[in-house]
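>>> Any chance you can model this:
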Amino acid sequence: MEYIKSDTMRTLFRLVFVSILLASSSLVLAQETDYLNVQLEQTKKRKATFERELEKIGENTFKATIRTREGFLKAEGIYIFMDEKFMEHGEFVFYHANGNVESRGMYNYGFKIGDWERYTSSGQRKADRFYNPESVNTIRNAMNE
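Predicted coordinates:
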């Protein structure tokens, strides 16, 4: 009888251990950190100015938090993974070094579109900048030819 209890306990321990491994590996897949240069393009860790933490929120969609290497918030926004790369796609907010909002607007497959609100580092509103979606379509079509 002791042998059966011991065997059952080993099996139970193995199941718990495997469950913990699977759970932790799915967390790693759901959230990852990569490195960006000054232009917010992917680069190697040693050349990076920023770190981008990606949290999977959909099939190919990720919520991103971009921080300086010192940990200060630079930007937050939505990326889509398409054609083997991450592209800005959705609302983005960029921040000044002091934490105040620098700008806010929308991306469409890596291109800024529409009105972007802009602010000084002290929080004063600046003139909005408009990015014409038709220009984006022209650029996109030229790139695909």
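
>>> So for the most centrally placed residue in the chain, what's the pLDDT?
The C-alpha lying nearest the average C-alpha coordinate of the chain belongs to A64 (Cα atoms, centre = their mean; 2.3 Å). Looking at A64, its pLDDT reads 97.

>>> so it sits in a strand?
Yes - assessed with DSSP: H, G, I helix; E, B strand; the rest coil, A64 lies in a strand.

>>> in what helix or strand does G123 lie?
Using DSSP states H and E, G123 sits in no helix or strand.

>>> Leaving out sequence neighbours, find the closest residue to it.
N100 (5.0 Å; Cβ to Cβ, 6 or more residues apart in numbering). Using the backbone N, CA and C atoms, a C-beta is placed for each residue, glycine as well.

>>> from what I can see the one you found touches Y119, true?
Yes - with contacts counted by Cβ atoms under 8 Å, N100 reaches Y119, the gap being 6.5 Å.

>>> Give me the more crowded residue out of those two.
Y119 (17 against 13; other Cβ atoms under 10 Å).

>>> so how far does stretch 114-124 reach from one end to the other?
21 Å (Cα to Cα, to the nearest Å).

>>> Average the pLDDT values over that stretch and round to the nearest integer.
If you average the pLDDT over stretch 114-124, you get 97.

>>> do stretch 99-107 as well
98.

>>> who's in contact with it?
For stretch 99-107, contacts defined as Cβ atoms under 8 Å, 6 or more residues apart in numbering pick out 72-73, 77-78, 87-96, 112-119, 121-123, 129, 131.

>>> go again using 6 Å as the cut-off
88-89, 91-96, 113-114, 116-119, 121, 123 (Cβ atoms under 6 Å, 6 or more residues apart in numbering).

>>> For this protein, which segments count as strands?
For the chain, the strands defined by DSSP state E cover 31-36, 50-56, 61-68, 73-82, 85-95, 101-108, 111-119, 125-131.
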